[in-house]
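Peer 1: next one to model:
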Amino acid sequence: MALAAVILCATPRSGSTLLCDLLTESGVAGRPASFYRQQSIAYYAEQFGVPPGEGSAFDRDYLEAVRRHGTDDTGTFGLRIMWSSVADLMARLAPLFPDCATDAARFERAFGAPLYVHLSRRNKVAQAVSRLKAEQTGLWHRAADGSERERTAPAQPAVYDGARLAAFVAEAVADDAAWDPWFQSQQITPLRLSYEELSADPGAALARILVGLGKDPAPASAVAPRTARLADAESLDWIARFEGEELSRPA
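Peer 2: I've put the predicted structure just below:
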């Protein structure tokens with residue numbers, strides 16, 4: 001039986017944009033995006049024509065708009081969510097579904113029977129380097145042809161910062177680890193996918209998810225990634241430098 005939704009449970013710089021693109025381009029697995037990232041709700045509300053506001057009335061209207069856009073004509077709803085957004089999303093859904101006793105029950109009532117995909121990145125130092133360089137340079141994604149796809153600030157040079165990298169590594173580890181107790185408490189068995197697997201064979205990763213949704217995996221063979229890797233020689237140098245500094249720290 002085909003499931004009604006796919007929910008990507010991720011952390012920043014774990015390949016979630018690549019995966020959202022693949023699901024969207026498949027034409028059968030929703031249009032996932034970070035609709036409930038706190039900093040993005042006002043933007044999406046404006047895009048969807050939802051009048052600004054707060055409280056249950058706004059949350060109900062916003063949810064309806066999100067479901068429409070996140071499903072489109074694919075028959076499946078798609079959502080990307082980071083661990084840092086879970087508590088706020090639950091606070092918004094709880095008043096709308098007061099008879100639901102668990103987070104999982106609220107998700108299902110709000111979005112339909114979901115497949116949960118836990119997307120993580122094994123190399124947390126590489127993940128931290130990717131995040132630091134994106135924040136410093138303002139360039140978050142390149143298109144497959146090498147052109148800039150998403151820039152949030154004017155171009156600035158990247159500067160190595162070991163302290164910030166350490167903080168980003170710790171945050172990535174903590175957020176990634178937080179998903180497992182939540183899955184267990186909600187009796188959820190997610191499909192687990194790593195950034196490394198996704199980047200090595202995007203088509204195979206997409207096919208796994210389509211099968212998990214109860215769909216024909218055939219569309220996965222026709223979908224090409226829309227993003228290019230940002231990692232370069234400087235990124236590799238930073239990873240090696242940080243790992244060397246960590247090894248040299250007193251125990």
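Peer 1: ok, A220 - contacts?
Peer 2: Going by C-beta atoms under 8 Å, 6 or more residues apart in numbering, A220 touches L22, S26, G203, A204, L206, A207, L210. All C-beta atoms are positioned from the backbone trio N, CA, C, and that covers glycine.
Peer 1: quick check: the gap between the third one and A33.
Peer 2: As judged by C-beta to C-beta, to the nearest Å, G203 and A33 stand 21 Å apart.
Peer 1: so where's the stretch 151-251 of the chain uncertain?
Peer 2: By pLDDT under 70, the weakly predicted segments of the stretch 151-251 of the chain are 250-251.
Peer 1: can you give me the helices in it?
Peer 2: Under the criterion DSSP state H, counting those that start in this stretch, the stretch 151-251 of the chain carries helices at the ranges 162-185, 195-200, 202-212, 233-248.
Peer 1: possible to save the ones you listed as a markdown table with mean neighbour count and distance to A113?
Peer 2: A markdown table is the format used below for these (neighbours: other C-beta atoms under 10 Å; distance: least, C-beta to C-beta, whole Å):
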| stretch | mean neighbour count | distance to A113 |
| --- | --- | --- |
| helix 162-185 | 15 | 16 |
| helix 195-200 | 17 | 24 |
| helix 202-212 | 20 | 12 |
| helix 233-248 | 13 | 39 |
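Peer 1: so which of those helices comes closest to R68?
Peer 2: Evaluated with C-beta to C-beta, the helices of the stretch 151-251 of the chain place helix 202-212 nearest to R68, the distance being 21.8 Å.
Peer 1: which strands and helices sit next to the closest one?
Peer 2: For helix 202-212, the elements it packs on are helix 16-26, strand 114-120, strand 191-194, helix 195-200, judged by 3 or more C-beta pairs under 8 Å, 6 or more residues apart in numbering; DSSP states H and E.
Peer 1: show residues contacting that helix.
Peer 2: 3, 6, 18-19, 22-23, 26, 28-29, 115, 117, 191, 193, 197-198, 216-217, 219-221, 223, 225.
Peer 1: so how do I select the buried members of the residues you listed in PyMOL?
Peer 2: Buried members of these can be picked out in PyMOL with the line below, counting by 16 or more other C-beta atoms under 10 Å:
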select buried, resi 3+6+18+19+22+23+26+28+29+115+117+191+193+197+198+217+219+220+223+225
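Peer 1: wasn't A110 part of a helix?
Peer 2: Yes - the assignment for A110 (DSSP: H, G, I helix; E, B strand; the rest coil) places it in a helix.
Peer 1: how far away is L93 from S199?
Peer 2: Separation of L93 from S199 (C-beta to C-beta): 32 Å.
Peer 1: try A104
Peer 2: Taken as C-beta to C-beta, the span from A104 to S199 is 29 Å.
Peer 1: for P181, same thing?
Peer 2: Per C-beta to C-beta, P181 is found 27 Å from S199.
Peer 1: name the nearest residue to E196, ignoring sequence neighbours.
Peer 2: The spatially closest residue to E196, leaving aside those adjacent along the chain, is R122, at 5.6 Å (C-beta to C-beta, 6 or more residues apart in numbering).
Peer 1: where does that neighbour fall, phi/psi-wise?
Peer 2: The phi and psi values for R122, taken as degrees, to the nearest 10, are phi -70, psi -40.
Peer 1: how many other residues sit next to it?
Peer 2: Using other C-beta atoms under 10 Å, R122 is surrounded by 12 other residues.
Peer 1: could you do the one 5 residues further on as well?
Peer 2: Counted by other C-beta under 10 Å, the residues lying close to Q127 total 24.
Peer 1: which residue packs closest to V223, ignoring adjacent ones?
Peer 2: Of all residues not flanking V223 in the chain, E25 sits nearest, at 4.6 Å (C-beta to C-beta, 6+ apart).
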